[in-house]
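pasted the sequence and its predicted model underneath.
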Amino acid sequence: MKSFVAALVPILLVLLPGCFDRRLAPTESDESGAEDANDLGPFQLKPEWSGPCQRADKVDVNLGNAPEAFVRAAHCQVTGTEPSKDVVSQWAGRLKTRDKVRRLDAVLSFCKEAGRKCELSYSDPWARDPDELGPPPVKKVKRDLGAVFMFFFSCPHDTNCGMDWANTHAPGMDTKSPLLAFGDLKEDFYSPLRAGFWRRELMDAKYAGLDFLMPNTYGPDIEDGKLKPLEDALESLPDPVKIGFFDDTWTWGQPYFSEFWKTKPDLNDPEKAATLIYEHKWKAFFSQVDKKFWYRFKGRPFIYFYNAGSLTPRSKSAATVKLLKEKFKADFGEEPFVDADSAYFDDPDMDHVADAKYQWFTFSTPEKRSRSTMNGHIVDHAMVKWDATGRDHPGEPPRPSDLVVKDERFLRQVLKESEDAEVLVIPTWNDLGEGTGFNRAYDYYFHGQWQRPDVFMRVTRKAQSGALK
């Protein structure tokens, strides 16, 4: 299920729209396919933690690199005492061998045993995390690769930037980072109001071999020229990835924004509904992004139309989508390629209006992806990672039935099996709260080892260069 954020209300962090011992991280030579588990490339870890053992007012979840050092550091910070050998062995073993176990789970377990409500922090374990990762891969597959891009962040600490909201963290969430520098600013926060935020993600997406990003647009986030920082970042780069459009319809009818958004478009009245959606979402977005930066599939501007349970009745979707396409062509002179959420196909006429369809949540499918072959085009869509910390039972370790996908196994599978597609969309590049992102984050940890911040991006690089084994 796709996570959508609540507006600017602290108690609403994440909502659900739509219905709803091996050495880790063998890193690869991008073109040859060779693997080396010890290769950290341009990244460098900070020295290992060795003490002293003392209680901390704020427990640093990211202290200690090796699992044994981490368990000791966590226990010392929580209790002020050394853990027993059995405790170290037990938790280190879990971290090395159990796919679903997180460092956070050990910390919260120690806090519970100590009867302590712990305040947490998440330091950056890397001494070196360079700005420039390298040029894009030489593309040798026909498939275009894109991702849904989240940008509803109010860092530091506000909407979708509470550090406990996510299990992995992007630079700049709680303190300014030099990785988000732009112009005269030498460091900045992870915020869409800053051009450095967009520059960072555009550069890393290019390095990852992506052809395009689709900003996940709610509506209030593009009002009043809010995409100017994106425009500045695009203009600052010589050949940035292209920009598509993801229309997230959840905002309609919600009470957390201005009065305008409280009224839902009614699909029983296609003309009125299409006018509302078009003027305040589609036109508002594309008017702020220069045409030279648009991603086009088969020469047509690319739009994802998401269903969040807000637009009803779904059985009357087609007429509204048809009018949306017509309005777009009338203003911009191009007919968009609309890939519509499968929920809209409750209306059988959508088969004649939409250009493709997708199923958002793909972990429930046998292939771990959805595939559209409408109109002779092969368009794939696949979610490849899921690591949300607070979904089913906050403050407790994941249960066997919980969905936790921390490593790159599904990413590799989907990339290989979609090689015959014309385009593959991955949701998402950077949904930190839901844990579906594969963008740069500084604390990927699984099977007992920190992963270099570009671990997933290196897989997509290899795939796009035709070297993925």
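Now that the structure is in, tell me what you want to look at.

residue ranges for the strands of the stretch 1-150 of the chain, please.
In the stretch 1-150 of the chain, the strands defined using DSSP state E, counting those that start in this stretch lie at 4-5, 14-15, 27-28, 35-36, 44-45, 58-60, 119-121, 126-128, 144-149.

in terms of mean pLDDT, which of these ranks lowest?
Ranked by mean pLDDT, the strands of the stretch 1-150 of the chain bottom out at strand 14-15, which scores a mean of 31.

what's near enough to touch the nearest residue to Ala354 once chain neighbours are set aside?
Of all residues not flanking Ala354 in the chain, Ala340 sits nearest, at 4.1 Å (CB to CB, 6 or more residues apart in numbering). (Glycine included, C-beta is placed from N, CA and C.) Listed by CB atoms under 8 Å, 6 or more residues apart in numbering, the contact partners of Ala340 are Tyr304, Phe305, Ser317, Val321, Met350, Ala354, Ala356, Lys357, Tyr358.

list buried residues within these.
Among those, those scoring as buried are Tyr304, Phe305, Ser317, Val321, Met350, Ala354, Ala356, Lys357, Tyr358 (criterion: 16 or more other CB atoms under 10 Å).

okay if I get those residues as a markdown table plus distance to Arg116, secondary structure and pLDDT?
Output for these, formatted as a markdown table (distance: CB to CB, whole Å; DSSP: H, G, I helix; E, B strand; the rest coil; pLDDT from 0 to 100):
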| residue | distance to Arg116 | secondary structure | pLDDT |
| --- | --- | --- | --- |
| Tyr304 | 45 | strand | 98 |
| Phe305 | 47 | strand | 98 |
| Ser317 | 51 | coil | 98 |
| Val321 | 53 | helix | 98 |
| Met350 | 54 | helix | 98 |
| Ala354 | 53 | coil | 98 |
| Ala356 | 52 | strand | 98 |
| Lys357 | 50 | strand | 98 |
| Tyr358 | 45 | strand | 98 |
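
which one of those is nearest to Lys281?
Phe305 (9.7 Å; CB to CB).

I'd say Gly253 and Ser310 touch.
Yes: using CB atoms under 8 Å, Gly253 is in contact with Ser310, at 5.5 Å.

gap between Val282 and Tyr344?
Quick fix: residue 282 reads Trp, not Val. Trp282 sits 15 Å away from Tyr344, going by CB to CB, to the nearest Å.

show me the helices in the stretch 351-469 of the chain, by range?
409-417, 455-464 (DSSP state H, counting those that start in this stretch).

to Ser177, which of those helices lies closest?
Using CB to CB, the nearest of the helices of the stretch 351-469 of the chain to Ser177 is helix 455-464, at 17.6 Å.

quick one: that closest one to helix 409-417, angle?
Calculated by axes from the mean of the first three to the mean of the last three CA atoms, to 10 degrees, helix 455-464 forms an angle of 10 degrees with helix 409-417.

which strands and helices sit next to helix 455-464?
strand 27-28, strand 144-149, helix 195-207, helix 409-417 (3 or more CB pairs under 8 Å, 6 or more residues apart in numbering; DSSP states H and E).

recalculate using a threshold of 10 Å.
Applying 3 or more CB pairs under 10 Å, 6 or more residues apart in numbering; DSSP states H and E, one finds that helix 455-464 contacts strand 27-28, strand 144-149, helix 195-207, helix 409-417, strand 423-426.

tell me the buried residues in the third one?
Of the residues in helix 195-207, those buried by neighbour count under the rule 16+ other CB under 10 Å are 195-207.

any idea which of the helices of the stretch 351-469 of the chain is most buried?
Most buried of the helices of the stretch 351-469 of the chain, by mean neighbour count (mean count of other CB atoms under 10 Å): helix 455-464, with a mean of 24.

what angle sits between that one and helix 195-207?
Using the same axes, to 10 degrees: helix 455-464 against helix 195-207 is 40 degrees.

how distant is helix 455-464 from the center of its chain?
15 Å (CA atoms, centre = their mean, to the nearest Å).

contact partners for Asp331?
Listed by CB atoms under 10 Å, 6 or more residues apart in numbering, the contact set of Asp331 reads Tyr278, Glu279, Trp282, Lys283, Phe286, Ser287.

also Leu213?
Contacts of Leu213 by CB under 10 Å, 6+ apart are 146-149, 151, 198, 201-202, 205-206, 230, 240-244, 246, 295, 428-430, 439.

could you rerun that using 7 Å?
Counting by CB atoms under 7 Å, 6 or more residues apart in numbering, Leu213 touches Gly146, Ala147, Phe149, Ala205, Val241, Ile243, Trp429.

so it lies in a strand, does it not?
Yes: secondary structure of Leu213 (DSSP: H, G, I helix; E, B strand; the rest coil): part of a strand.

chain neighbours aside, what residue packs nearest to it?
Setting aside the residues directly before and after it, Leu213 is nearest to Phe149 in space (CB to CB, 6+ apart), at 4.2 Å.

state the distance from that neighbour to Trp429.
Counting by CB to CB, the gap from Phe149 to Trp429 is 5 Å.

comparing those two, which residue is more hemmed in?
Phe149 (29 against 25; other CB atoms under 10 Å).

bridging residues for the more buried one?
Pro215 (DSSP bridges).

how close does it get to Ser191?
14 Å.

just Asn160 next, same as before
10 Å.

repeat for Lys58
Lys58 is 23 Å from Ser191, by CB to CB.
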